[in-house]
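Q: Got a predicted model here, sequence first, then my questions.
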Amino acid sequence: MTDRSGKCNIMKLVKIVSFGLLVVVLVCFVAATLRTLTFDVNSGLQLAHWEKTRNIASDINQHQRKELLANFREAIQIPTVSTSKTQLNITALGEFNSLLRKVFPTVFSSHLVQHEVVANYSHLFWVPGSDLALVPYMLLAHIDVVPADENDGWEAPPFSAKEMDGFIYGRGTIDNKQSVMGILQALEYLLIRGYSPQRGFFIGLGHDEEVGGLQGAMNIVKVLKKKGVQLAFVLDEGLAVLDGVISGLQGPAALIGISEKGQATVKLSVFKAPGHSSMPPRESSIGILAGAVKRLEDNPMPILFGEGPERRTFEHLAHRFGLPIKFLMSNMWLFSPLIGRVMERSPDTNAFLRTTTAVTMFNSGVKVNVLPSLAEAYVNLRIHPAQTVQEVLEFIQSTVGDERVKMELVNGFDPLPVSSYDETSFGFQTIKKTLLDQFPQVSVAPGLCIGNTDSRHYTDLAKDIYRFAPTWIKPGDTQRFHGINERISKKNYEELVVFYFNLIQNCDIKELPSPHGAGHEL
Ligand SMILES: CCCCCCCC/C=C\CCCCCCCC(=O)NCC(=O)O
Ligand SMILES: [Zn+2]
Ligand SMILES: [Zn+2]
């Protein structure tokens, strides 16, 4: 018995020790493979080694506070609406031109600024720098806005620029007149205070961005190409400071767009012989098309989370999440499918995961007793960086799976190249430094811009294109883009003016401080 039980005990002990060893080996393996990123994304700027510039202070007095706000409100009150490529409000665009000249007299009269109107309503400014060896950069924004209907539920008329509870309400307040006016207001104040740049810069204000920028941005690019211009970087609208928008993230995050999604507009159509509504066929053109559209909505494109630059966002921000999210985000190679499942539940986070499918127009029928011959739908897709227009078309074709539904690509372009964001990236680091000087509480990370911008026309002029403005977006604000009650706080608009005021001056450094001793020449 003793022997047997002794043997049993030894066997048990061997089993327990083996199991224990196995657990230790497994834990060691997992610990070696998995990681929890703890680096501080805001470090690495080498602030102590940053070239000293004698920046003009950006303080704003009471008079200027009133003035800059009044200028901004006037800009919002002009309905520079773009409805389609052929429907632009040219009266409003003309009025906007006069407004710019009236409220920024120094910009338009200074010998330091060259200005030209492009394609009738867009503006190109050139401010040469004193050091010709420094490659210029360019700031972009757009004057036009999408339509707005007061009856959709606006709390204030969309072109009233009404002030309520410290906010200015109106179409264009966050897309994108805050940048148009913010950039020029900053330049006006810089010039008044005697500033002249060392590094030259351009400002481009497009008038038809909301319908593709084919007149404004494309012609500005043509003008610059003719002059042989190459740019150190371009900064356009796009992402923003997200405050409480990414659930679980501690503190606000400034996401600087280093790429933007591609886009395709696809027309689906069904043709059937017309006839009398008293003798309907089993399936109408409308019914067949509705079925196709429903299948597209029921079968979203695959989740590609982690396969594009959005992966970098979460790796950068991982340290600002509590456990266990921090752990999941630090190991995207393993957990991205799980994170994707959670993020797809909300439209604004879903947009970062996959190519999105939006049915935006559906037309058919002319009379109640006539069977319509033609039913048409337009589908607008925003293409994830890991896909192409071609792949998206193939997906649509197989999902619709009905030869009676004709598919036509109206227009499309692939996702944009990824710009640099490492320690040697002049544009990214200068934007980041300017942000951190002004908003030390913010984490700065690269991001994917889910909308399209005029900057996509600039790829031949600059390798590095960033999409960002320090517009603060809080919970509920993402729906204000192209939606109702678009607004910006007065404080935030002032902050934008200060941001551009400081950014322009910060760009005057010759090179970035190098973590390894040698500078990064531009
Ligand atoms: C990482 C998860 C964060 C989710 C929060 C989403 C934050 C969204 C922030 C900004 C909105 C993006 C707007 C982009 C600018 C759009 C410009 C535009 O309208 N262009 C025309 C077009 O795309 O059709
Ligand atoms: Zn915009
Ligand atoms: Zn827009």
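A: Looks like it arrived, so ask away. Ligands and ions are numbered 1, 2, ... in the order given.

Q: check contacts around the residue lying closest to residue 260 once chain neighbours are set aside.
A: Distances taken as C-beta to C-beta, 6 or more residues apart in numbering place residue 449 nearest to residue 260, at 3.9 Å, with adjacent residues excluded. In short, each C-beta sits where N, CA and C put it, glycine included. By C-beta atoms under 8 Å, 6 or more residues apart in numbering, the contact set of residue 449 is 238-239, 257, 259-261, 467.

Q: Sort out which one of these lies nearest ligand 2 for me.
A: Nearest to ligand 2 out of these is residue 238 (C-beta to the ion; 8.2 Å).

Q: got the phi/psi numbers for residue 203?
A: Main-chain dihedrals, residue 203, degrees, to the nearest 10: phi -130, psi 130.

Q: okay, now it: neighbour count?
A: 22 (other C-beta atoms under 10 Å).

Q: what does the model give the closest residue to ligand 1 within the stretch 201-350 of the chain for pLDDT?
A: Distances between the stretch 201-350 of the chain and ligand 1 by C-beta to the nearest ligand atom are smallest at residue 348, namely 4.2 Å. pLDDT, residue 348: 90.

Q: Quick one: neighbours of it, just the number.
A: 16.

Q: give me phi/psi at the closest residue to ligand 1 within the stretch 351-500 of the chain?
A: Nearest residue of the stretch 351-500 of the chain to ligand 1: residue 451, at 2.6 Å (C-beta to the nearest ligand atom). For residue 451, the backbone dihedrals (degrees, to the nearest 10) come out as phi -100, psi 170.

Q: my guess is it meets residue 262, correct?
A: No - using C-beta atoms under 8 Å, residue 451 is not in contact with residue 262, being 11.7 Å away.

Q: Now list whatever residues contact both of these two.
A: Common neighbours of residue 451 and residue 262 (C-beta under 8 Å, 6+ apart) are residue 382.

Q: With neighbour numbers in mind, choose between those two.
A: It is residue 262, of residue 451 and residue 262, that has more neighbours when counted by other C-beta under 10 Å, with 22 against 17.

Q: just to revisit the earlier point, could you export whichever helix or strand the residue of the stretch 201-350 of the chain closest to ligand 1 is part of as CSV, CA atoms only?
A: Per DSSP states H and E, residue 348 falls inside helix 347-350. The C-alpha coordinates for helix 347-350 follow below in CSV (Å, rounded to 0.1, in the frame of the first residue of the first chain):
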residue,chain,number,x,y,z
PRO,A,347,-20.4,54.3,-38.0
ASP,A,348,-17.6,56.7,-37.1
THR,A,349,-15.2,53.9,-35.9
ASN,A,350,-16.5,51.5,-38.6
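
Q: Run the chain-centre distance for that helix.
A: In terms of C-alpha atoms, centre = their mean, to the nearest Å, the centre of helix 347-350 is found 13 Å from the chain centre.

Q: Pull the residues that contact that helix.
A: With contact meaning C-beta under 8 Å, 6+ apart, helix 347-350 is reached by 245-246, 343-344, 356, 478.

Q: so what's the residue of the stretch 351-500 of the chain closest to ligand 1 up against?
A: Taking C-beta under 8 Å, 6+ apart, we find residue 451 in contact with 238, 260-261, 382, 481.

Q: Please list the residues of the chain that sit near ligand 1.
A: Contacts of the chain with ligand 1, taken as C-beta under 6 Å from any ligand atom, map to 175, 210, 237-240, 242, 245-246, 313, 348-349, 352, 449-453, 473, 478, 481.

Q: which non-adjacent residue is nearest residue 501?
A: Per C-beta to C-beta, 6+ apart, closest to residue 501 is residue 186, 4.0 Å.

Q: And residue 218, by the same measure?
A: That would be residue 457: by C-beta to C-beta, 6+ apart, it lies 5.3 Å from residue 218.

Q: With residue 145 instead?
A: In space, residue 145 is closest to residue 172, 4.2 Å off (C-beta to C-beta, 6+ apart).

Q: Pretty sure that neighbour sits against residue 486.
A: Yes - counting by C-beta under 8 Å, residue 486 is a contact partner of residue 172 at 7.2 Å.

Q: which of those two has more neighbours?
A: Comparing residue 172 with residue 486 by other C-beta under 10 Å, the one with more neighbours is residue 172, at 29 against 25.

Q: Return the distance of the more buried one relative to ligand 2.
A: Separation of residue 172 from ligand 2 (C-beta to the ion, to the nearest Å): 9 Å.

Q: right, and the helix or strand after the least confident helix or strand in the chain by mean pLDDT?
A: Within the chain, no helix or strand scores below helix 2-33, which has a mean of 47 by mean pLDDT, DSSP states H and E. Downstream of helix 2-33, the next assigned helix or strand under DSSP H and E is helix 62-77.

Q: And that next one, what does it pack against?
A: Under the contact criterion of 3 or more C-beta pairs under 8 Å, 6 or more residues apart in numbering; DSSP states H and E, helix 62-77 touches helix 90-103, strand 167-169, helix 177-192, helix 490-506.

Q: Among these, which comes closest to residue 274?
A: Nearest to residue 274, of all the helices and strands packed on helix 62-77, is helix 90-103, at 38.6 Å by C-beta to C-beta.

Q: In stretch 191-205, which residues are buried?
A: 191, 195, 197-205 (16 or more other C-beta atoms under 10 Å).
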